[in-house]
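Asker: here is a sequence with its predicted model. Questions after.
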Amino acid sequence: MTLEFIIALLFIIIILVIIIQHVKVIPEYKRLVVFRLGKLMGVRGPGLVFLVPIIDRGIEVDLREFVLDIPPQTCITKDNAPVDVDLLVYMKIFDPNLAVTAVQNYVTAATGIAVTTLRAIVGDMPLDDVLAKREYINSTLRAKLDEVTDRWGIKVTSVEIKEIKPPRDVQEAMIKQMAAERTKRAMILEAEGKKTAAILEAEGQREAMIKKGEGEMQYEVLVAEGKKRALELIQEAAMKLGPNALLLQYMETLKSIAQSPATKIVIPLELLGAFSKILGGEKEEKKFY
């Protein structure tokens, strides 16, 4: 009885272990490709999946996007220059059935096709284009890889070149070329700066001379207008004054001149005329009386 109980207990435990192993919990980002006696039954998941013990077998496939870090590959350019290219390839499985049944190991296959396609693309380009046209290499490589991996149920989402290393002598030549280009640009910028400064200085001097001429012209105009206005005021005042007032003004002026150490006195003709008129007027008054 004891032996039979132990055997029955072991049998139950084995059955439970088998059942537990054939009960799968598939997360949202995975799928389970089920084979029954070697025949493809389809894709299961996500969620709880039951497999028939012994006759069913399931292969999990991750649907998340993954990246292949391709190690640096030595490629020969069209002008026979070796370059080391470091590459990243981003992929995503869109058909789990094809990823399992159409290719034995999609990671190895994708890596191999990426390396061979990269060497073919670089081999058709000269070194200068390889160094300058990374985007072209990325887009061309992605398109070619996508054509191949599509039959495996894999989509190439992106291809990125991390680094391109030319030979050491080419790097030294590039450094010298960059230094020469920078020196050239600096000299051109300096010459353009001097040219611009000279032009601005000439324009500034021209504008200053124009402003100065305009100011002098305005000053002369204002002085002339002031003299004109002064003469007009003098004329208006003289017209208002009578002959006797003018005579008194002349007398005051002669008085000021007489006080100076000068030996000559200038008597204006107007003053003599005024005297004669006054004297003539007095004689007429005496005759009248």
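Answerer: Structure's in. What do you need?

Asker: switch to C-alpha atoms for all contacts and neighbour counts from now on
Answerer: OK.

Asker: helices along the chain, start to end?
Answerer: Here the chain has its helices, by DSSP state H, at 2-21, 96-101, 106-123, 127-132, 134-149, 168-240, 243-258, 269-288.

Asker: let's have those helices in a markdown table, adding mean pLDDT, distance to Leu48 and mean neighbour count.
Answerer: As requested, the helices of the chain are exported to a markdown table (pLDDT from 0 to 100; distance: least, Cα to Cα, whole Å; neighbours: other Cα atoms under 10 Å):
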| stretch | mean pLDDT | distance to Leu48 | mean neighbour count |
| --- | --- | --- | --- |
| helix 2-21 | 82 | 12 | 12 |
| helix 96-101 | 93 | 18 | 19 |
| helix 106-123 | 92 | 26 | 17 |
| helix 127-132 | 87 | 51 | 15 |
| helix 134-149 | 92 | 30 | 17 |
| helix 168-240 | 81 | 58 | 12 |
| helix 243-258 | 64 | 132 | 13 |
| helix 269-288 | 52 | 137 | 12 |
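
Asker: need those helices in JSON lines (columns: distance to Leu40).
Answerer: Shown next, in JSON lines, are the helices of the chain (distance: least, Cα to Cα, whole Å):
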{"stretch": "helix 2-21", "distance to Leu40": "20"}
{"stretch": "helix 96-101", "distance to Leu40": "8"}
{"stretch": "helix 106-123", "distance to Leu40": "18"}
{"stretch": "helix 127-132", "distance to Leu40": "45"}
{"stretch": "helix 134-149", "distance to Leu40": "21"}
{"stretch": "helix 168-240", "distance to Leu40": "54"}
{"stretch": "helix 243-258", "distance to Leu40": "138"}
{"stretch": "helix 269-288", "distance to Leu40": "141"}
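
Asker: out of these, which is closest to Phe66?
Answerer: Taking Cα to Cα, helix 106-123 is the member of these nearest to Phe66, at 9.8 Å.

Asker: now for the closest one, which elements pack on it?
Answerer: Where contact means 3 or more Cα pairs under 8 Å, 6 or more residues apart in numbering; DSSP states H and E, helix 106-123 is packed against strand 66-76, helix 134-149.

Asker: okay if I get the ones you listed as TSV plus distance to Ile7?
Answerer: As requested, these are arranged in TSV below (distance: least, Cα to Cα, whole Å):
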stretch	distance to Ile7
strand 66-76	48
helix 134-149	52
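
Asker: kind regards, and thank you for your time.
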